[in-house]
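Peer 1: Return a 3D structure for these sequence lines:
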Amino acid sequence: MDNSVTELTARIQQLLATASGYDPAVEPPSPNAATFTSEPLPRSRLGMFCHADQLHFLTLPGNRDELAQLPIGLVGDPYADRIHVVRGIDFWIGDRSLRNQPPNPAATILLNDLLDDVAFGAYAAGDGDRAFVRRLLAADRPRIAGPCLLLGRDERTDTTTGLPEEFLDWLQRKATQAVAGLVDTLAPDDGTPAGE
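Peer 2: Sure thing, here's the model as predicted:
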């Protein structure tokens, strides 16, 4: 990669870190080196709200009661349901979203990218999660409609938490890969660096 692409990629990573309030490791682990541990996951104080084509990071309230009510308030349905597909992450949607809400492409793409990486070993998961995800993908690609809230889940206490740091690292890697792909697509074929 030439310097302008490297600089652009570094700047976008910096903007992502600043926008989310999350400072990921300088050298994220290789996506092929995903390893599973049964130890509790390190947690952030962040959630993510997906609405149509937008993703927003949210700083979560410290009060457990407020945090427990957050999905109901944000998904716009008094009967919020959680989609739990991998340890430590819940996708919260409205109970009637598929029938009453327009498709949510941002959340659907995010969910399917996560499922693909779990299924093929690029996201750390246990054997049970990986087998479940493979069965889910073999049946059909899940889709999400309406607002969606991503939160962490502490399985030991069955309580809502911030997103796992491992998920945020994965998300940054996916964003960096997407930006690099976009830059490659926009680069002229004549060898001229992008942006010139």
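Peer 1: pLDDT score for Thr6?
Peer 2: pLDDT, Thr6: 57.
Peer 1: my bad, Phe167
Peer 2: For Phe167, pLDDT reads 92.
Peer 1: same deal with Pro102?
Peer 2: pLDDT at Pro102 comes out at 91.
Peer 1: Now do the phi/psi pair for it.
Peer 2: Phi and psi for Pro102, reported as degrees, to the nearest 10, are phi -70, psi 160.
Peer 1: For it, give me its contacts.
Peer 2: Shown in contact with Pro102 (CB atoms under 8 Å, 6 or more residues apart in numbering): 52, 145-146. Every C-beta, even on glycine, is put in place using the N, C-alpha and C of the backbone.
Peer 1: remind me which residues of this structure are low pLDDT?
Peer 2: 1-42, 188-196 (pLDDT under 70).
Peer 1: What segments of it are helices?
Peer 2: 3-20, 64-75, 97-100, 105-119, 127-139, 165-186 (DSSP state H).
Peer 1: any idea which of these is most buried?
Peer 2: helix 105-119 (a mean of 19; mean count of other CB atoms under 10 Å).
Peer 1: And that helix, what does it pack against?
Peer 2: For helix 105-119, the packing partners by 3 or more CB pairs under 8 Å, 6 or more residues apart in numbering; DSSP states H and E come out as strand 46-51, strand 54-59, strand 80-86, strand 89-94, helix 127-139, strand 148-154, helix 165-186.
Peer 1: got the angle between that helix and strand 89-94?
Peer 2: Comparing the axes of helix 105-119 and strand 89-94 via axes from the mean of the first three to the mean of the last three CA atoms, to 10 degrees yields an angle of 150 degrees.
Peer 1: returning to that earlier point: among the helices of the chain, single out whichever gets nearest to Arg87.
Peer 2: Closest to Arg87 of the helices of the chain is helix 127-139 (CB to CB; 5.7 Å).
Peer 1: What lies in contact with stretch 127-139?
Peer 2: 85-87, 115-116, 118-119, 121, 125, 142.
Peer 1: switch to 7 Å and redo it
Peer 2: 85-87, 115, 118-119, 142 (CB atoms under 7 Å, 6 or more residues apart in numbering).
Peer 1: How about stretch 73-87?
Peer 2: So stretch 73-87 is contacted by 49, 71-72, 90-97, 114-115, 118, 125-126, 129, 133, 136, 146-149, 153, 155 (CB under 7 Å, 6+ apart).
Peer 1: next one: stretch 144-160
Peer 2: 40, 43, 47-51, 64, 67-68, 70-71, 74-76, 84, 87-94, 97-98, 101-104, 107-108, 111, 161-164.
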